[in-house]
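> Sequence and predicted structure are below.
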Amino acid sequence: MILVTGASGALGSATLDHLHALGAEAVGGTRMPNHAALRRIDFDDANTLHFDGVDTLVMISAGAAEDDVVIARHGRTLQAAERDGVRHIVYTSLTAAGDHLGFALAHRWTEQRIRRGSIPWTILRNGLYAELIADLLSPRDGTITAAFGPHGVAPVVRDDLAMAAAKVATNPLPHTGNIYDLVGAKTITAAHVAQALCVDFQPTSLEHLRASFDGAGMLPFQPGMLVSIHSAIAGGFLEETGTDLEALLERKPMNALDFIHQTLQGTGPIT
């Protein structure tokens, strides 16, 4: 059996859907299950971390929080998986180029913990979501304002990442010990998005960006994480493209620029 953690989140639920479509025996784990295909798995409650009968654990990251919270959650989960005899772990991590991002540390800690553990593993280093880039570049009053500078990013549509995770989980043995960098096939800049939408792009500074968060009701760690995305893109650290995703999908990934254009043109900003 395959168990997917974080099954109430967008990546986890899409991965579970693809597993079912592939005919796999799979269940989802979530803090508040609401139907039979889900079981209670709460990263903050060790009493819920039971993986008896689970052959492959698809471990979706424990969600946005301070590093010490995420690390503790992942540590408890991995300890329980080792105790209960899980045979393979597929972990959805962060692109190799993402070390400059404010949420990279917990991912890298988890990778190290998995690699020194007793369970065979596969690590999927996911690129930034096209959905996130669409949100960050959503036009306001006919203008895209972002601190991306002239550089770009190689984003990935989240559903492609979910399909890649499902494909690996249904047949993990050939992927044992592999680390895949699942970034997009093309680099997209803010100017590309503005051109596609026929709007203006007005670059802004990191200082202006951070000031715009005042009064937004964010948690203390969130502004720094968002600023780190802009600064890493502006520094040219996230432009590298790759082919690992295409190899796992056995098809071309969805065109991220087309997806961003359709998202912003058709439904407006993602919330």
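Perfect, I can see it now.

> so where's the stretch 1-150 of the chain uncertain?
For the stretch 1-150 of the chain, the stretches with pLDDT under 70 are 36.

> mind listing the helices for it?
For the stretch 1-150 of the chain, the helices defined by DSSP state H, counting those that start in this stretch cover 10-21, 67-83, 104-115, 130-136.

> Minimum distance to residue 40: which of those helices has it?
helix 67-83 (13.2 Å; CB to CB). The C-beta positions use only the backbone N, C-alpha and C, and glycine is treated the same way.

> For the residue positioned nearest the centre of the chain, which residues are in contact?
A centroid search over the chain (CA atoms, centre = their mean) returns residue 126, at 5.5 Å, as the residue closest to the centre. Contacts for residue 126 (CB atoms under 8 Å, 6 or more residues apart in numbering) come out as 92, 93, 94, 95, 156, 161, 182.

> The third one contacts residue 103, correct?
Yes. Assessed by CB atoms under 8 Å, residue 94 is found in contact with residue 103 at 7.1 Å.

> who's more crowded, the two?
Comparing residue 94 with residue 103 by other CB atoms under 10 Å, the one with more neighbours is residue 94, at 24 against 19.

> Which residue, neighbours along the chain excluded, lies closest to that one?
Nearest non-adjacent residue to residue 94, counting by CB to CB, 6 or more residues apart in numbering: residue 107, 4.3 Å away.

> And residue 5, by the same measure?
Residue 5's closest residue in space is residue 29 (CB to CB, 6+ apart), at 4.7 Å.

> ok, what's across the strand from that neighbour?
The partner list for residue 29 in beta bridges (DSSP bridges) reads residue 39.

> how close does it get to residue 246?
Separation of residue 29 from residue 246 (CB to CB, to the nearest Å): 29 Å.

> Give me the more crowded residue out of these two.
residue 29 (29 against 16).

> Identify the residues contacting that one.
Residues near residue 29 by CB under 8 Å, 6+ apart: 3, 4, 5, 6, 7, 38, 39, 40, 41.

> residues touching the third one, list them.
Taking CB under 8 Å, 6+ apart, we find residue 5 in contact with 12, 28, 29, 30, 41, 43, 57, 58, 59, 60, 62, 77.

> Turn those residues into JSON lines, columns for distance to residue 113.
Shown next, in JSON lines, are the contacts of residue 5 (distance: CB to CB, whole Å):
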{"residue": "12", "distance to residue 113": "20"}
{"residue": "28", "distance to residue 113": "23"}
{"residue": "29", "distance to residue 113": "19"}
{"residue": "30", "distance to residue 113": "22"}
{"residue": "41", "distance to residue 113": "18"}
{"residue": "43", "distance to residue 113": "14"}
{"residue": "57", "distance to residue 113": "14"}
{"residue": "58", "distance to residue 113": "16"}
{"residue": "59", "distance to residue 113": "11"}
{"residue": "60", "distance to residue 113": "16"}
{"residue": "62", "distance to residue 113": "13"}
{"residue": "77", "distance to residue 113": "10"}
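
> which of the residues you listed tops the neighbour count?
residue 58 leads the contacts of residue 5 on contacts (other CB under 10 Å) with 32 neighbours.

> now that residue: how far from residue 68?
Residue 58 sits 24 Å away from residue 68 when distances are taken as CB to CB.

> Please apply the same query to residue 226.
Residue 226 is 20 Å from residue 68, by CB to CB.

> Neighbour count: these two, which is higher?
Neighbour tally, residue 226 and residue 68, criterion other CB under 10 Å: the higher count belongs to residue 226, 20 against 10.

> How about residue 30, nearest residue that isn't a chain neighbour?
That would be residue 8: by CB to CB, 6+ apart, it lies 4.1 Å from residue 30.

> repeat for residue 161
Distances taken as CB to CB, 6+ apart place residue 126 nearest to residue 161, at 5.1 Å, with adjacent residues excluded.

> and that neighbour, what are its bridge partners?
Applying DSSP bridges, one finds that residue 126 bridges with residue 94, residue 182.

> re the thing from before, now the contacts of residue 29 as CSV including distance to residue 207?
Shown next, in CSV, are those (distance: CB to CB, whole Å):
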residue, distance to residue 207
3, 44
4, 40
5, 38
6, 34
7, 39
38, 44
39, 46
40, 44
41, 41
